[in-house]
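Trainee: sequence? don't have it. structure:
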DNA sequence: CGTTCCCTTGAGTAGTTTCAATACTTGTGG
DNA sequence: CCACAAGTATTGAAACTACTCAAGGGAACG
């Protein structure tokens, strides 16, 4: 699915919906999108509370969802290429959070008018899109689990394991790790600790031979060990394993 | 909407979808459900990983979603009457978590076959249901925010504020608080701390005049103060405020 | 009226934050 | 090519928050 017939939606189809979509649906879908545009690091792609009439596919790069608060900003999720980042704006109309580019990001928009067409005419594909927004919710739940059950070290390991796995699902992982334009502050924020503490935690992970994170590059010599450290089991990503989609969504 | 024409779905329609639904849609919807059944405390209503062909409305009582893990169980969300608890099982087919009755709970089931009928024939109502599952995701995000930004005392305050507000949306709150069959252990789990620490935190909240929680009954003399303590702003519940649905979903 | 479940308290330890200061990296202009 | 600035990463020490182990108290139920 990731050939040049699907420059915008290729990774989305590859990563999340391998077995669930027909070629006809995929072609209809690809045609809906405007050409991709590039935005620099830190661009607020979607602003909380704004009435939106389109949704955006992350084609290249990374983005985070951020809830602003008196006490600062909290990253509540991260997006990798192939994520239909704010599809949930289609039913919700206004988002409860900002979406911010993490490093330079290429995104492609589709208007809700066009989405409505395919959704009303292709009930099966509509279900696929719904599924995709619920996968985000499943990831949210896992993050809540991670925050409740693990301490800083485990949280960082879990986060690395998740991003690595999600990048692998869209063909962007390396054998021994991955790159993402994350700073220690970001990881600290995501794990609910301070940057200073995260710095020490990352040192421990490095010295313990679990994960070596340095300026955006994460390398882990032993994936199983990383998973054990973060109690990571990939099932909740619905890609493979116990919860995987088998055959058709209907 | 909460009259006796809608014994099963009344609170769902009242709480989450006030302005978004026609009477005709509501009547169609109500008719799909089997009669409600009661289950005792602790019943696992939906089991992780099982292929499910129905979804359930929480008519009376409470329930929690729980992710089991080597290290124990983590509550990742709570449900109040009127929550279409596992509607997300319709697109997902298998859930990544258990749903467990918290106290005695009355629930009504609807098969996915029947749901598919109304969804394929009533695109507007389909959107309403989609919306409803995304509201859960918004609540998940707020929980992630709460875990990342607040310490135990704020987390407890935020949790109380949220449950109070959600109960108010379905007409089940009291003027100065609410009742839910929660134990201190549950609140501790939800807030990601130990029961012992939560016990001390609850004492502090009580002595500080913020919230008096005792055996399932939460009373707060000053709602604003509780909200400030938990940095709670109800917008993310999409009921009223900045993000509220205005008029039609389309 | 005792049993069970739930809540409460104390003391010691581990994990995390805060404040303050120091290095390293990267990009820019001289 | 070097100097400088800005951003990012690192370290130390003290204070605080939360956890663990261990024991005692209170309410509710049969």
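Mentor: Sure, I can see it. Every value quoted in this text rests on a predicted model; they were computed, and no experiment measured them.
Trainee: In space, what's closest to residue A:80 - neighbours in sequence excluded?
Mentor: Distances taken as Cβ to Cβ, 6 or more residues apart in numbering or on different chains put residue A:166 closest to residue A:80, at 5.0 Å, once the chain neighbours are dropped. All C-beta spots, glycine's among them, are computed from the backbone N, C-alpha and C.
Trainee: for the closest residue in space to residue A:46 that isn't next to it in sequence, which residues make a bridge with it?
Mentor: The shortest distance from residue A:46 to any non-neighbouring residue, by Cβ to Cβ, 6+ apart, is to residue A:99 (4.2 Å). Note on residue A:99: beta-bridge partners by DSSP bridges are residue A:46, residue A:65.
Trainee: how about the residue positioned nearest the centre of chain A, what does it touch?
Mentor: With distances taken as Cα atoms, centre = their mean, residue A:79 lies nearest the centre of chain A, 2.8 Å away. Residue A:79 makes contact with A:58, A:62-65, A:85, A:99, according to Cβ atoms under 8 Å, 6 or more residues apart in numbering or on different chains.
Trainee: Close to DNA strand C: what parts of chain A are there?
Mentor: With the criterion set to Cβ under 7 Å from any atom of the strand, chain A comes near DNA strand C through A:151-153, A:192-194, A:196-197, A:200-201, A:215.
Trainee: Selecting buried members of the residues you listed in ChimeraX, what would you type?
Mentor: With 16 or more other Cβ atoms under 10 Å in any protein chain shown as the burial test, the buried ones among these are selected in ChimeraX as follows:
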select /A:152,153,192,193,201
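Trainee: I'd like to know which of the residues of chain A next to DNA strand C is nearest to residue B:4.
Mentor: Of all the residues of chain A next to DNA strand C, residue B:4 sits closest to residue A:192, with 46.0 Å by Cβ to Cβ.
Trainee: And DNA strand D, is the helix ranked longest in chain A touching that?
Mentor: When chain A is parsed with DSSP state H, its longest helix is helix A:123-149. No. Under the criterion of Cβ under 7 Å from any atom of the strand, DNA strand D is not reached by helix A:123-149; the shortest gap measures 8.9 Å.
Trainee: in that helix, what's buried?
Mentor: A:123, A:125-149.
Trainee: State the three-state secondary structure for residue A:8.
Mentor: Secondary structure assignment for residue A:8 (DSSP: H, G, I helix; E, B strand; the rest coil): coil.
Trainee: what about it, distance to DNA strand C?
Mentor: Counting by Cβ to the nearest atom of the strand, to the nearest Å, the separation of residue A:8 from DNA strand C is 28 Å.
Trainee: Give me the local confidence score for that residue.
Mentor: Looking at residue A:8, its pLDDT reads 94.
Trainee: Okay, now the unreliable bits of chain A?
Mentor: Low-confidence segments of chain A, defined by pLDDT under 70: A:1-3, A:16, A:18-19, A:245-250.
Trainee: on that earlier part again, can the longest helix of chain A be said to contact chain B?
Mentor: Yes. For helix A:123-149, a contact with chain B is found by Cβ under 8 Å from any Cβ of the partner chain, at A:123, A:126-127, A:130-131, A:133-134, A:136-138, A:140-145, A:147-149.
Trainee: what's the spacing between that helix and its chain's center?
Mentor: 10 Å (Cα atoms, centre = their mean, to the nearest Å).
Trainee: can you give me the angle that helix makes with helix B:123-149?
Mentor: Inter-element angle recorded for helix A:123-149 and helix B:123-149: 20 degrees (by axes from the mean of the first three to the mean of the last three Cα atoms, to 10 degrees).
Trainee: what inclination does the following helix or strand past helix A:123-149 have with respect to helix A:123-149?
Mentor: Later in the chain than helix A:123-149, the nearest helix or strand by DSSP states H and E is helix A:152-169. With the same axes, to 10 degrees defining the directions, helix A:152-169 sits at 160 degrees from helix A:123-149.
Trainee: helix or strand right after helix A:152-169?
Mentor: strand A:177-179.
Trainee: I'd like to check what contacts that next one. Which residues are they?
Mentor: The set of residues external to strand A:177-179 that reach it, using Cβ under 8 Å, 6+ apart, is A:163-164, A:167, A:172, A:211-212, A:216-220.
Trainee: Name the member of the contacts of residue A:79 with the most neighbours.
Mentor: Ranked by neighbour count (other Cβ atoms under 10 Å in any protein chain shown), those have residue A:63 at the top, with 27 neighbours.
Trainee: wait, doesn't it sit right on residue A:102?
Mentor: Yes. Between residue A:63 and residue A:102 there is a contact under Cβ atoms under 8 Å: 5.6 Å.
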